[in-house]
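Q: Sequence first, predicted model second:
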Amino acid sequence: CAVSGVPATCPGVSVRQQLLKEGFHRELVVKVELGARGEDAGGCTVAARIHLPPGIFVDPYELASLQQHNLTKAVLTPDAIDVEAPEYLSTELHVLLFLEPDLQCSHCFQAALPVHGRYHRPAEERQEAWVVVQSPEALLCC
């Protein structure tokens, strides 16, 4: 089943994301709690489909290094990303992030993804730019 923000398709399943750290180098943490499905969680595979707007990106070289050291499992599309491009010349990205069981919660899964902010157009009146990240979709196979 697929869950996005509201667990209408899968009752008792919650999906949360949190953006950690400050500045251009952040960490997006995704957590999925299976709720009533807790007893079956040992046989579940959980992934999150994340849509990143043009204002942030995942560095494919950093992601490859993390995967090489078994620190994350993710698929990035498109896989060719211009990490130097500003926000106004970029497109959105999609990431399929596989979550690991949470050792502190028997029916919870989580994963972290390093994300980076892009430069936005210069503005005389503002020193900040807002980037809105949509809720991820949880994909479950139990």
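A: Sure, I can see it.
Q: rest of the way, CA atoms for contacts and neighbours
A: Will do.
Q: which phi and psi does residue 112 have?
A: Torsion angles at residue 112 (phi, psi; degrees, to the nearest 10) stand at phi -120, psi 150.
Q: Near it, how many other residues are there?
A: 21 (other C-alpha atoms under 10 Å).
Q: And residue 78, by the same measure?
A: Neighbours of residue 78 under the rule other C-alpha under 10 Å: 12.
Q: That one contacts residue 94, correct?
A: Yes: in this structure, residue 78 is within contact of residue 94 by C-alpha atoms under 8 Å, at 7.3 Å.
Q: What part of the protein, helix or strand, is modelled with the least confidence?
A: When the helices and strands of the chain are scored by mean pLDDT, DSSP states H and E, strand 2-4 comes last with a mean of 46.
Q: Please enumerate the strands of this protein.
A: With strands called from DSSP state E, the chain shows them at 2-4, 14-20, 25-33, 45-52, 56-57, 74-77, 93-101, 108-117, 137-141.
Q: Return the most buried member of the ones you listed.
A: Neighbour counts (mean count of other C-alpha atoms under 10 Å) averaged over each of the strands of the chain peak at strand 56-57, with a mean of 24.
Q: Show me what the mean pLDDT comes to for that one.
A: Average pLDDT, strand 56-57: 95.
Q: which helices and strands does that strand pack with?
A: strand 108-117 (3 or more C-alpha pairs under 8 Å, 6 or more residues apart in numbering; DSSP states H and E).
Q: Go again with 10 Å.
A: When contacts are defined as 3 or more C-alpha pairs under 10 Å, 6 or more residues apart in numbering; DSSP states H and E, strand 56-57 sits against strand 93-101, strand 108-117.
Q: what residue is smack in the middle of this structure?
A: Nearest to the geometric centre of the chain sits residue 50, at 4.8 Å (C-alpha atoms, centre = their mean).
Q: residues contacting that residue?
A: Contacts for residue 50 (C-alpha atoms under 10 Å, 6 or more residues apart in numbering) come out as 28, 30, 76, 93-97, 133-138.
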